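K.L.:
Sequence first, predicted coordinates after that:
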Amino acid sequence: MADVSPFGESSLGSPVPPREDPRLTRHPDVVPYKGPAGGWGALKSVGRHVRHSKAPWKAVRSLLRTNQGQGFDCPGCAWGDPLHGSSFEFCENGAKAVAWEVTDKRVTPAFFERHSVAELLGWDDFMLEDQGRLTEPMRYDHEQGRYVAIAWRHAIEVIAEHLAGLDDPDQALFYTSGRASNEAAYLYQLFVRLYGTNNFPDCSNMCHEASGVGMMASLGVSKGTVLLDDFEQAEAIFVFGQNPGTNHPRMLGDLRRAAPRVGGRASSASTRCASAASSASPTPRTIARC
C-alpha cells in the first residue's frame, strides 16, 4: 500500500477517499431556490436540521432561549438583539448553529481509531461537523498520524507547561472561534487576561481586518457605530458586500420595517455576479456588481 502523507494524499499523489458511516452522515443538498429567505421554506429547513441533530426536543427548548433575556446569544451571527424582541428571535442560520451545538451525536476516541488525520483531511467541513461533538480532550500523535484521547488533568497540565515556559505572556496567541458563545468567550478572555495578555487575534481579524482599516482611513473609526434604533431613524440604507438573506437573516426584519419609510433609498451592492438580494432582501432596489 502506498504511504499516506499528512496532507491526505498518497505518495503517488492520489487523494485518499473518505470513509463514512452512513448512519451518521448526510451530504449537503444544494439545489436552486427562488423563494424568500424566510417563510415556510425556512421553517421546513429548520425542522430538518433540528431533526437531524438527534436531539429535537433539546434543540427546540434551546431555540426558545436563543437571544432571550434569560437565555443565551445566538452563535450564528453578530446581529444585535432588540430590547423588546419576540419569542422567536432566531433565523434559519441560527437554528442550524444551535442544532449543531446541542446535537446528541458524539465523536468518541473510537472515531479517531477508525480515521487517521490524513483521511479526515479529505473530508469537507460539513461532513466533519456532522459527526458530532467531542467527548474527551484529544492530542495529535505524530507517530500514529491520529488524535488520541488524554485525560482532562493531563490536557490542563500540558497547556500550563507551555504557558509557564514562555518568557513573556505576550508571546502567547489565544485564538478562538466565532462559533463560541458570548458566555464561553467571556470566561476565556478572563482566563487570558489573568494570565497577563490581551493577545486575542480571533476570527474577527479574518472577517473585519480589511473593513476596519478602510473605515479608519475614511471615517476615523474602525468599528461599526450604528444601533438597531438607527434603522428606525435612517432616511437611506446601503448594504455593501454581503447578502442579509444568508449572512444574518434577522436583519431582514429591520429592513422590511424600514423599506416603506426609505422607499427607493435602500440599496444592496454585491461583489458577486449574481444579485445578492434579488430573492431575499425586502429592499426595493438591488445593485449587482461583477
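P.N.:
Perfect, I can see it now.

K.L.:
Tell me which residue is most central in this structure.
P.N.:
residue 179 (4.5 Å; CA atoms, centre = their mean).

K.L.:
Secondary structure element holding that one?
P.N.:
Secondary structure assignment for residue 179, by DSSP states H and E: no helix or strand.

K.L.:
That one: what's it in contact with?
P.N.:
With contact taken as CB atoms under 8 Å, 6 or more residues apart in numbering, residue 179 is in contact with 75, 97. Glycine gets a C-beta too; all of them are placed from N, C-alpha and C.

K.L.:
The host helix or strand of residue 239 pairs with which strands?
P.N.:
Counting by DSSP H and E, the secondary-structure element that holds residue 239 is strand 237-240. Next to strand 237-240 in the sheet, as set by DSSP bridges, lie strand 266-270 (parallel).

K.L.:
Now the partner strand: average pLDDT?
P.N.:
Per-region confidence: strand 266-270 scores 66 on mean pLDDT.

K.L.:
go on, stretch 109-125?
P.N.:
When pLDDT is averaged over stretch 109-125, the result is 92.

K.L.:
What are the buried residues along it?
P.N.:
Residues of stretch 109-125 classed as buried: 111-112, 115-123 (neighbour count, 16 or more other CB atoms under 10 Å).

K.L.:
So which of these are in strands?
P.N.:
Restricting the buried residues of stretch 109-125 to those inside strands, with DSSP state E as the criterion, leaves an empty set.

K.L.:
Out of those, which is nearest to residue 91?
P.N.:
Each of these was scored against residue 91 by CB to CB, and residue 123 proved nearest at 27.2 Å.

K.L.:
Restrict the strand holding residue 239 to CA atoms and write it as CSV.
P.N.:
Below are the C-alpha coordinates for strand 237-240, written out as CSV (Å, rounded to 0.1, in the frame of the first residue of the first chain):
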residue,chain,number,x,y,z
ILE,A,237,-29.8,52.4,3.8
PHE,A,238,-26.9,51.0,1.8
VAL,A,239,-25.8,47.4,2.2
PHE,A,240,-22.4,46.6,0.6
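
K.L.:
so what does the following helix or strand past it touch, helix or strand wise?
P.N.:
Next along the chain after strand 237-240, taking DSSP H and E as the criterion, comes helix 244-247. Counting contacts by 3 or more CB pairs under 8 Å, 6 or more residues apart in numbering; DSSP states H and E, helix 244-247 packs against helix 251-262.

K.L.:
can you pull the buried residues of the helix it packs on?
P.N.:
251-255, 258-259, 262.

K.L.:
cool, stretch 82-95 as well?
P.N.:
Of the residues in stretch 82-95, those buried by neighbour count under the rule 16+ other CB under 10 Å are 89-95.

K.L.:
so, if you compare these, which one comes nearest to residue 143?
P.N.:
residue 93 (40.6 Å).

K.L.:
Checking my notes, that closest one in a strand, right?
P.N.:
No - counting by DSSP: H, G, I helix; E, B strand; the rest coil, residue 93 is located in no strand; its state is helix.
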